[in-house]
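Novice: Could you work out the structure for the sequence below:
(chains A, B, C and D)
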Protein chains: 2
Amino acid sequence: MNDTDPGAVPWLSADEQRSWRAFVRLHMKLTARMAADLQAHSGLSSSDFEVLVALTDVPEGRVRFQDLAKGIDWEQSRLSHQIRRMAKRDLVAREECEEDGRGAYVAISAHGRAVIEAAAPKHVATVRRLVLDALTPEEFAELGRLSAKVTDQIERTRP
Amino acid sequence: MNDTDPGAVPWLSADEQRSWRAFVRLHMKLTARMAADLQAHSGLSSSDFEVLVALTDVPEGRVRFQDLAKGIDWEQSRLSHQIRRMAKRDLVAREECEEDGRGAYVAISAHGRAVIEAAAPKHVATVRRLVLDALTPEEFAELGRLSAKVTDQIERTRP
DNA sequence: ACCTTCTAGTTGACGCGTCATCTAACTAGC
DNA sequence: GCTAGTTAGATGACGCGTCAACTAGAAGGT
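Specialist: Below is the predicted model:
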């Protein structure tokens, strides 16, 4: 925990540390605010939102569990729990799968569709207000570019 | 959910959407990987780590609950739960506060100190490997600058 | 047909974070 | 001193996410 500790793995320089902390701080603040906003305006958690968006992205409004999990990069068990809770609130419904007796579809409900269609524009507005409006278009593009670059590195560096 | 929907709040352009999704994806991947890494190498959660870092940042190694909560920007109740769990694992200890009968200190234990001192260099190495190494110094500085800019905007825009 | 093996999804336990609520102790005004 | 209001922190309930079993159906070889 000491920068001058000899023989230690090099700590971050003051500049690096400042950048890193700014970055971490942004993560914290942004996720917290987006979640609060979504909850306040639409009664949805970020997870609810993510699932509903994925379901409205396919025309039929229903997807196999497995495919949905892959699509949003979730563990399958997490999805199972989430869908159970969402079904209880009538945002989605489980449906049997005729082709494969083990499988199941998760389908968006009419209510779920209404909720997500009301929530989405507010969500976009929040993204605009909190992020897009803070940056020039060039800066925002750069942020995206740098993000992609780091993500690539993360995926290249296998655990 | 439709870009061409007239009268709707403007959705993001294709470019904007690509940048935004890259950014969100980075958040997801990075937090997941960092947490997994920390857990694997040191048996600590990100929360554990954050608390221990805050505690080693003060020379006495003990801080009042309230101050600690403010320092790491946590809800007081969250901290209370977290400290209870950490105390059970002998990473920290509660200590009474003589000056204020309501108050309490949370103090890092010898074991906690050993754990964090082993964990910190590995954590820094991971940050370097996953993020710093993906970018030029200029790019990393730019990432920090943009992060700070957006964070400012978020804090300016009060909920 | 039978038996392994794989795959789809579920479930229960447990750690985590939030919210609302509670207790105890400090502070101010009288 | 007493009382009202505030502050420090704890606690219980509940939703969430992970991990490790577990169930049931599909596939493929014999």
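Novice: Does the spatially most central residue of chain A lie in a helix or a strand, and which?
Specialist: If you average the C-alpha coordinates of chain A and look for the closest C-alpha using C-alpha atoms, centre = their mean, you land on A:E50, 6.1 Å from that point. For A:E50, the enclosing helix or strand under DSSP states H and E is helix A:46-56.
Novice: Is there any residue in that helix that contacts DNA strand C?
Specialist: No. Looking at helix A:46-56 against DNA strand C by C-beta under 7 Å from any atom of the strand, there are no contacts, and the closest approach is 11.8 Å. The way it works is simple: take the backbone N, C-alpha and C, and place the C-beta from them, glycine included.
Novice: How far away from the center of its chain is that helix?
Specialist: For helix A:46-56, the separation from the chain centroid amounts to 9 Å (computed by C-alpha atoms, centre = their mean, to the nearest Å).
Novice: Show the average pLDDT along the following helix or strand past it.
Specialist: Elements were assigned by DSSP H and E; along the chain past helix A:46-56, the next helix or strand is strand A:62-64. Throughout strand A:62-64, pLDDT has a mean value of 95.
Novice: Now the element after strand A:62-64, going C-ward?
Specialist: Sequence-wise, the next helix or strand beyond strand A:62-64 is helix A:65-72, with elements assigned using DSSP H and E.
Novice: May I have the residues that are in contact with A:R156?
Specialist: By C-beta atoms under 8 Å, 6 or more residues apart in numbering or on different chains, the contact set of A:R156 is empty.
Novice: At the contact with DNA strand D, which residues of chain A appear?
Specialist: A:45-48, A:74-75, A:77-78, A:81-82, A:85, A:100-102.
Novice: Buried subset of the residues you listed, written for PyMOL?
Specialist: Here the buried members of the residues of chain A next to DNA strand D are turned into a PyMOL selection, burial being counted by 16 or more other C-beta atoms under 10 Å in any protein chain shown:
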select buried, chain A and resi 47+48+74+82
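Novice: biggest separation within the residues of chain A next to DNA strand D, which pair?
Specialist: Looking at the residues of chain A next to DNA strand D by C-beta to C-beta, the two members farthest from one another are A:S46 and A:G101, with 33.0 Å of separation.
Novice: possible to save the residues of chain A next to DNA strand D as JSON lines with pLDDT?
Specialist: JSON lines is the format used below for these (pLDDT from 0 to 100):
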{"residue": "A:S45", "pLDDT": "95"}
{"residue": "A:S46", "pLDDT": "95"}
{"residue": "A:S47", "pLDDT": "96"}
{"residue": "A:D48", "pLDDT": "96"}
{"residue": "A:W74", "pLDDT": "96"}
{"residue": "A:E75", "pLDDT": "95"}
{"residue": "A:S77", "pLDDT": "96"}
{"residue": "A:R78", "pLDDT": "97"}
{"residue": "A:H81", "pLDDT": "97"}
{"residue": "A:Q82", "pLDDT": "97"}
{"residue": "A:R85", "pLDDT": "95"}
{"residue": "A:D100", "pLDDT": "93"}
{"residue": "A:G101", "pLDDT": "91"}
{"residue": "A:R102", "pLDDT": "93"}
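Novice: Quick check: chain neighbours aside, which residue is closest to A:L38?
Specialist: The spatially closest residue to A:L38, leaving aside those adjacent along the chain, is A:L44, at 5.3 Å (C-beta to C-beta, 6 or more residues apart in numbering or on different chains).
Novice: and the gap between the one you found and A:Q66?
Specialist: 24 Å (C-beta to C-beta, to the nearest Å).
Novice: quick one, which of these two is more surrounded?
Specialist: Set side by side, A:L44 and A:Q66 show unequal neighbour counts under other C-beta atoms under 10 Å in any protein chain shown, the larger going to A:L44 at 24 against 14.
Novice: how close does A:E96 get to B:L130?
Specialist: The span separating A:E96 from B:L130 equals 42 Å under the rule C-beta to C-beta.
Novice: The two: which is more packed in?
Specialist: Between A:E96 and B:L130, counting by other C-beta under 10 Å, B:L130 is the more crowded of the two (20 against 9).
Novice: Touching, that one and B:A36? I think so.
Specialist: No. Taking C-beta atoms under 8 Å as the contact criterion, B:L130 and B:A36 are not neighbours in contact, 11.4 Å apart.
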